[in-house]
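A.B. asks: any chance you can model this:
(chains A and B)
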Number of protein chains: 2
Amino acid sequence: MNSSPTVVPATLVFPFELVRSELEKVEAAIAAQAKEFEPAIEGYVAYVCKSSGKRIRPALALLTGGATGQMTDDHRKLGVILELVHIASLVHDDIMDGADLRRNLPTAAAKWGNSLSVLLGDVLFAHALELSASYDDNVVSRAIARASRDVCAGEILQTQRRYDLNLSVPDYLKIIEMKTAALFAAATHLGAYLNGCTPAVQEALKNYGLRLGTAYQIYDDCLDLVGDESAAGKTLRTDLAKGKLTLPVLYLLEQATDLQKTKLNRMLLNGEPMDTTILASIADYEGAVERAIKFAKAMLNDARNDLVCLAAGAHQTALIEITGYLDKLLDKCRAVV
Amino acid sequence: MNSSPTVVPATLVFPFELVRSELEKVEAAIAAQAKEFEPAIEGYVAYVCKSSGKRIRPALALLTGGATGQMTDDHRKLGVILELVHIASLVHDDIMDGADLRRNLPTAAAKWGNSLSVLLGDVLFAHALELSASYDDNVVSRAIARASRDVCAGEILQTQRRYDLNLSVPDYLKIIEMKTAALFAAATHLGAYLNGCTPAVQEALKNYGLRLGTAYQIYDDCLDLVGDESAAGKTLRTDLAKGKLTLPVLYLLEQATDLQKTKLNRMLLNGEPMDTTILASIADYEGAVERAIKFAKAMLNDARNDLVCLAAGAHQTALIEITGYLDKLLDKCRAVV
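C.D. replies: Here you go, the predicted model:
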């Protein structure tokens, strides 16, 4: 075990090359959304939209479109909608977390205060829902509203279960499925739906999104525990400080004695600083992280199997490569434990 | 002028008798929505939904339905959706206002903190949008998303223009049209749409809702200035304290000299307590309130004219009576100035 972890992640980037030009169109369309608002509001919207996120959800919508037929204007619009919902949820998250920075820029809450940020998240979300009601039928708007509700409900459940050492692994998985995987699943499900795929194919791609999103969140949770801040480009070691129990910690608790649990509980409630050395002193920390990584890798394997319904081709390969990319990121987490 | 105002409003209630039993069904359906959420979230939703608001928006949806054909399940569902959006916006408003009480009960923000209340408003809103995507076509979900966006954008504009003595009357009217009248208009427009009315009738009823909502907000703004707290059942005299310039104050400013404006500006910025006596010492306060009341009454008259497209009958009469009810409330404001 290495208590001063090396760089995680390295210079890896998501393998979105195949849809790079399509993603640029989505990016331009996201930027153009600001003009849909009153002039006095446009600036706020433009600021939070240009935050240069990874645009994973739009990429999944586009790749699924390409893998099941054509990438159409409908897929690009879906990408815009998914990203707007994601941005809205981040604007609200930053209020709750009291976060000052996101991707090295001041958050909306830090720049303009909580009141404006509550409303800014609301108008972004409402605008996304209005866009989603511009398709021919109701399937997209229903799925987007449902996924949005899941994202927020998942956050509520997570907030409720902070500092709760009785949180079970199934409860944790349910929470991350709602708060993260639901929007991934909406991307892949609707990407297939828009090409008129059979219910079975839509279902398989929805499952791919759910599993990919779940594995991604487990990776993110492991990164918070073992990653390197400058390489990750964000503040780490915040989950335990906030009482957020993630999969590696739950596994650690599972094998801990009552005495060890009591010790961890006291440290959590007192907000005592916690690093990997301390966790390792409580129980088998290395084994717990390894088990979480293995779980996420098994999930990625299942996600790959969800793709067998697709015709072989560049887009199917790209969807597989995303799971491979996450596999590598998980390996890097493993390497530093 | 009377600086210790008598009771406004008295025991008047909205004339919703005609749809009382239908409103009870909507009320039961609103209460039932809580069960659509995860067990751990149900309690929060149930709490904010049982706040016994006046249910004006559902009543407008039902009455418009009755006035243009039948009140159907679709109208009742519309009532539930409109009220959920309204409740979501109140949950977020109470965060921004730091309000502890609403209708004599602790607000969600006071009970559970701001973080949970941000998310609670979000899930309510997302749930309302999901319900609105369960109609046969997209018209309802598009209109509800748009009205929701207007409600929040109107709040942003209002927040931006606090303490701004250059706020014009048209700007004020635009703000209240967005933050209040848009949802009234969605109720009356969609109530007609769901009965397959012609575009002209839908448009006339939308205008009725817009004008009624605008007049209602002007009444509410006058009430804040001249009303009696115990009779109104809410804290009054808060608008000026928060720098919110409403129609009577804008009229007061219009006829104030530069010296008077400077005085008012200084008092506003210093947060000095302001009552009607002080306002009257600045310029013709009584005349300004009277002018605002007259403006709202003219708006109600226009709203009544929007109803000429409807067949005479009990429901048309009830929609007219709502304007008459607001007329009386405005008269009561006038009586205490």
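A.B. asks: tell me the centre residue of chain A?
C.D. replies: With distances taken as Cα atoms, centre = their mean, A:T180 lies nearest the centre of chain A, 4.4 Å away.
A.B. asks: name the SS class of A:D136, please.
C.D. replies: Counting by DSSP: H, G, I helix; E, B strand; the rest coil, the backbone at A:D136 sits in coil.
A.B. asks: how about it, what does it touch?
C.D. replies: B:N138 (Cβ atoms under 8 Å, 6 or more residues apart in numbering or on different chains). C-beta: built from backbone N, CA, C; applies to glycine.
A.B. asks: how about the one 4 residues further on?
C.D. replies: Residues near A:V140 by Cβ under 8 Å, 6+ apart: A:78, A:81, A:132, A:190, A:193-194.
A.B. asks: can you pull out the low-pLDDT segments for the stretch 51-200 of chain A?
C.D. replies: A:52 (pLDDT under 70).
A.B. asks: still on that earlier bit, and the contacts of A:V140 near chain B, which?
C.D. replies: Among these, the residues that sit close to chain B (Cβ under 8 Å from any Cβ of the partner chain) are A:S132.
A.B. asks: re earlier: what about the residue nearest to the centre of chain A, distance to chain B?
C.D. replies: Remark: distance between A:T180 and chain B (Cβ to the nearest Cβ, to the nearest Å) = 15 Å.
A.B. asks: now do A:L236
C.D. replies: Applying Cβ to the nearest Cβ to A:L236 and chain B gives a distance of 21 Å.
A.B. asks: quick one: that residue is in a helix?
C.D. replies: No. Using three-state DSSP, the secondary structure at A:L236 is coil, not a helix.
A.B. asks: correct me, but A:T238 touches A:D224?
C.D. replies: Yes. Contact criterion Cβ atoms under 8 Å: A:T238 and A:D224 qualify, at 6.5 Å.
A.B. asks: what's the pLDDT at A:P5?
C.D. replies: Note for A:P5: predicted pLDDT of 40.
A.B. asks: next, the buried residues of the longest helix along chain A.
C.D. replies: For chain A, the helix with the greatest residue count under DSSP state H is helix A:199-226. Across helix A:199-226, burial judged by 16 or more other Cβ atoms under 10 Å in any protein chain shown covers A:201-202, A:204-226.
A.B. asks: name the helices or strands packed onto that helix?
C.D. replies: helix A:56-68, helix A:169-176, helix A:182-193, helix A:247-254, helix A:276-282, helix A:285-306, helix A:314-336 (3 or more Cβ pairs under 8 Å, 6 or more residues apart in numbering or on different chains; DSSP states H and E).
A.B. asks: so, low pLDDT: which residues of the stretch 201-337 of chain A?
C.D. replies: Ranges of the stretch 201-337 of chain A meeting pLDDT under 70: A:233, A:274-275.
A.B. asks: ok, the nearest residue to the residue nearest to the centre of chain A once chain neighbours are set aside - contacts?
C.D. replies: Nearest residue to A:T180, sequence neighbours excluded (Cβ to Cβ, 6 or more residues apart in numbering or on different chains): A:Q217, at 4.2 Å. A:Q217 makes contacts with A:176, A:179-181, as judged by Cβ under 8 Å, 6+ apart.
A.B. asks: nearest to chain B among those residues?
C.D. replies: When the contacts of A:Q217 are ranked by distance to chain B (Cβ to the nearest Cβ), A:K179 comes first, at 10.3 Å.
A.B. asks: just the C-alpha atoms of stretch A:117-124, please, in PDB.
C.D. replies: Extracted in PDB, the C-alpha atoms of stretch A:117-124 (Å, rounded to 0.1, in the frame of the first residue of the first chain):
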ATOM      1  CA  SER A 117     -28.200  29.700  -8.400                       C
ATOM      2  CA  VAL A 118     -31.400  28.000  -7.200                       C
ATOM      3  CA  LEU A 119     -33.300  29.900  -9.900                       C
ATOM      4  CA  LEU A 120     -30.600  29.400 -12.500                       C
ATOM      5  CA  GLY A 121     -30.700  25.700 -12.100                       C
ATOM      6  CA  ASP A 122     -34.500  25.800 -12.300                       C
ATOM      7  CA  VAL A 123     -34.600  27.700 -15.600                       C
ATOM      8  CA  LEU A 124     -32.000  25.400 -17.100                       C
END
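A.B. asks: can you list contacts of it?
C.D. replies: Contacts of stretch A:117-124 (Cβ under 8 Å, 6+ apart): A:37, A:41, A:44-45, A:48, A:84-85, A:87-89, A:91-92, A:94-95, A:107-109, A:112, B:89, B:92, B:95-96, B:118, B:121-122, B:125, B:148-149, B:152-153, B:155-156, B:159.
A.B. asks: got the residues of the stretch 151-300 of chain A near chain B?
C.D. replies: Residues of the stretch 151-300 of chain A lying close to chain B (Cβ under 8 Å from any Cβ) are A:152-153, A:155-157, A:159-160.
A.B. asks: now, which of these lie within helices?
C.D. replies: Short answer: these in helices (DSSP H) are A:152-153, A:155-157, A:159-160.
A.B. asks: any chance of JSON lines for these, columns neighbour count and distance to B:A303?
C.D. replies: Below are those laid out as JSON lines (neighbours: other Cβ atoms under 10 Å in any protein chain shown; distance: Cβ to Cβ, whole Å):
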{"residue": "A:C152", "neighbour count": "27", "distance to B:A303": "36"}
{"residue": "A:A153", "neighbour count": "25", "distance to B:A303": "39"}
{"residue": "A:E155", "neighbour count": "23", "distance to B:A303": "41"}
{"residue": "A:I156", "neighbour count": "25", "distance to B:A303": "40"}
{"residue": "A:L157", "neighbour count": "21", "distance to B:A303": "45"}
{"residue": "A:T159", "neighbour count": "18", "distance to B:A303": "44"}
{"residue": "A:Q160", "neighbour count": "16", "distance to B:A303": "45"}
